[in-house]
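# Build the 3D model from these lines:
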Amino acid sequence: MGRDKALLPWRGETFLTTAIRSLAMSTELVVVVAGKNLENIRPLADAAGAFTIANPAPARGQFSSLQVGLQKVLNRGRDAAMVTLVDRPAPSLITVAKLRTAFEEALLSGKWAVVPEYQGRHGHPIVIAREMITTFLMAPVTSTARDVEHANQERIEYVSVDDPYVVANLNTPEDYAQITAKAFQG
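Numbers count the residues shown, from 1 in each chain. Predicted structure coming up:
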């Protein structure tokens, strides 16, 4: 992309701030894990009411940031987490509410997580119980979230949503321009 995707403008804010606001409507604590971009992200996260934590080893990749954030969730006395990426458009509030409701129902049937699905593709945010948090934390540092998810599919409830942002993946300026154009059309 050539610049920090979390700070890309989106709907009068940034991907980061819209993600924080989206999750804050359904959660009691929002934790943002940052790497070398901590000083750029912290003021925006603070202003949006999120708690910011540094990944001490960002060179290890995205999975290490997930592990740092999930450890903080447990350290703060929480038993579940809603996890999303901040380098893409935030899901709609309807999607977030649907996932939270589905999670509460899925727990009753022994599931550990809820993952949104749009047109057959899995996306974010995911909602995970303590068992899945522990599974992520115990996974080798060379793992990916996808590896852990696939190894535990029987414990995951996939929830169909009508929200293309849950599977949005922006890696180039062209991707960003395309999704920005679509947002203004819809």
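# Now do the same contact list for Arg60.
By CB atoms under 8 Å, 6 or more residues apart in numbering, the residues touching Arg60 are Val141. Just so you know, the C-beta spots here come from the backbone N, C-alpha and C atoms, and that holds for glycine as well.
# In this structure Gln71 contacts Phe136, no?
No - under the criterion of CB atoms under 8 Å, Gln71 is not in contact with Phe136, lying 9.5 Å apart.
# When those two are compared, which one has more neighbours?
The neighbour count for Gln71 versus Phe136, taken as other CB atoms under 10 Å, is higher for Phe136 (22 against 16).
# Check which helices and strands the helix or strand hosting that one sits against.
Assessed by DSSP states H and E, Phe136 sits inside helix 130-138. Secondary-structure packing of helix 130-138 (3 or more CB pairs under 8 Å, 6 or more residues apart in numbering; DSSP states H and E): helix 62-75, strand 80-83, helix 145-151.
# Not counting that helix itself, show me its contacts.
Helix 130-138 has contacts (CB under 8 Å, 6+ apart) with 66-67, 70-71, 73-74, 79-81, 112-113, 128, 145, 148, 152, 155.
# Narrow the residues you listed to those that are buried.
Buried by 16 or more other CB atoms under 10 Å: 66-67, 70-71, 73, 80-81, 112-113, 128, 145, 148, 152, 155, out of these.
# would TSV of these with pLDDT and distance to Val32 be doable?
As requested, those are exported to TSV (pLDDT from 0 to 100; distance: CB to CB, whole Å):
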residue	pLDDT	distance to Val32
Leu66	95	12
Gln67	96	15
Leu70	96	13
Gln71	96	14
Val73	94	12
Ala80	96	18
Ala81	95	13
Trp112	97	24
Ala113	97	21
Ile128	97	17
Ala145	92	17
Val148	95	21
Asn152	96	25
Arg155	97	26
